[in-house]
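1. Need a 3D model of the following:
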Amino acid sequence: MKIITLFEKRVKESTLTKTEKKIADYFLENLNNICFMTATSISIEVGVSDTSIIRFIRSLGYSSYSDFQREMKEEMVRQINDAANSMSPANKYKNTIESLSKNNLIDNLMEQTFKNLQKTFEQLNYEAINEAANILVKSKHKYIIGFRGSASLASFMGGKLRYLLPNVSICTHADSELIEQIIDIEKGDCILLYSFPIHTKLCTSAIDIAHSKNANIIVVTDKITSPIAAKADIVLPTAVDGLGFCNSYVAPLCLNDLILLVISDKTKNEAKDRVNDLEKYIEMHELH
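-> Here you go, the predicted model:
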């Protein structure tokens, strides 16, 4: 039985006080983040004492709060590994094809898309979006990175950013070309990387290179606990759950629109001449 399931089971089987129920609700709503928080930070969020948090944990059978955190972290690692396997196109296809044939695809697709959008924007905050926009605006060189399915997100974002900002490179080839493109990255530059399960090793390589050169790192991925999020300056979690064998990129495309809108507002004076020049030459060569 998974530890998270065990935790939920322990809560259900325990006789909790009013305060402990309040703490339990917070834990259950924040299971993905709770193992990275101290008892003190949780007590502040919930509005109770440190002692109440420790007492609650021990009432569930854990020897200490650190023991609880250790088990949760171990389970998180297992879940990440399981997700990497279960999210493969073949497995997703096998798991969904039968149910899809029995239901109304249009209604199902709409429902799943709305769920992804709702989950995405519930997790986001304007401060993170604004800081990501500031980094992109202020960085000397911007590397927009995405492979396979995520390449569409990188291509869209990079193409639109070029209307607003100079020195934008789009990296979508999952081979040595990526290394060649970003090898000269330096402090004052940034990468904006899109990656969802299954994560390619090249994403980790790109982040490692940027991190070693003290460049800023913005990551758009499915969870803040994603294995590629650890070294990022900003993580923008985005839901991509799909009905079929592939991820759904509607929510991250909306996120792209949001970032572009913020950047447009920040650069509306400086970008005006750039946009006009681009449109002039595009029209001149009939490239619309």
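2. low-scoring stretches of the stretch 151-288 of the chain, by residue?
-> Low-confidence segments of the stretch 151-288 of the chain (pLDDT under 70): 271-273, 275, 281, 285-288.
3. For it, which segments count as helices?
-> Assigned by DSSP state H, counting those that start in this stretch, the stretch 151-288 of the chain shows helices spanning 151-164, 176-182, 201-212, 250-266, 271-284.
4. Quick one: closest of these to residue 231.
-> helix 201-212 (4.7 Å; CB to CB). Any C-beta I mention is one placed from the backbone N, CA and C, and that applies to glycine too.
5. and that closest one, what does it pack onto?
-> Packed against helix 201-212 by the contact rule (3 or more CB pairs under 8 Å, 6 or more residues apart in numbering; DSSP states H and E) you find strand 142-146, helix 176-182, strand 190-194, strand 216-221.
6. how about the ones you listed in TSV, adding mean neighbour count and distance to residue 115?
-> As requested, the helices and strands packed on helix 201-212 are exported to TSV (neighbours: other CB atoms under 10 Å; distance: least, CB to CB, whole Å):
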stretch	mean neighbour count	distance to residue 115
strand 142-146	26	23
helix 176-182	15	33
strand 190-194	27	20
strand 216-221	24	18
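7. pretty sure residue 228 is touching residue 191, no?
-> No: between residue 228 and residue 191 there is no contact under CB atoms under 8 Å: 11.2 Å.
8. Touching both of the two, which residues are there?
-> residue 207 (CB atoms under 8 Å, 6 or more residues apart in numbering).
9. Near residue 149, how many other residues are there?
-> 17 (other CB atoms under 10 Å).
10. Correction: the previous question concerned residue 140.
-> Neighbours around residue 140, by other CB under 10 Å: 13.
11. so what pLDDT did it get?
-> Residue 140 carries a pLDDT score of 96 in this model.
12. quick one, what contacts the nearest residue to it once chain neighbours are set aside?
-> Once flanking residues are discounted, residue 140 sits nearest to residue 188: 4.8 Å by CB to CB, 6 or more residues apart in numbering. Applying CB under 8 Å, 6+ apart to residue 188 gives the contacts 139-141, 215.
13. hmm, try it at 10 Å
-> 138-141, 213-216 (CB atoms under 10 Å, 6 or more residues apart in numbering).
14. What of residue 263?
-> Residue 263 sits in contact with 129, 132-134, 136-137, 160-161, 163-165, 271, where contact means CB under 10 Å, 6+ apart.
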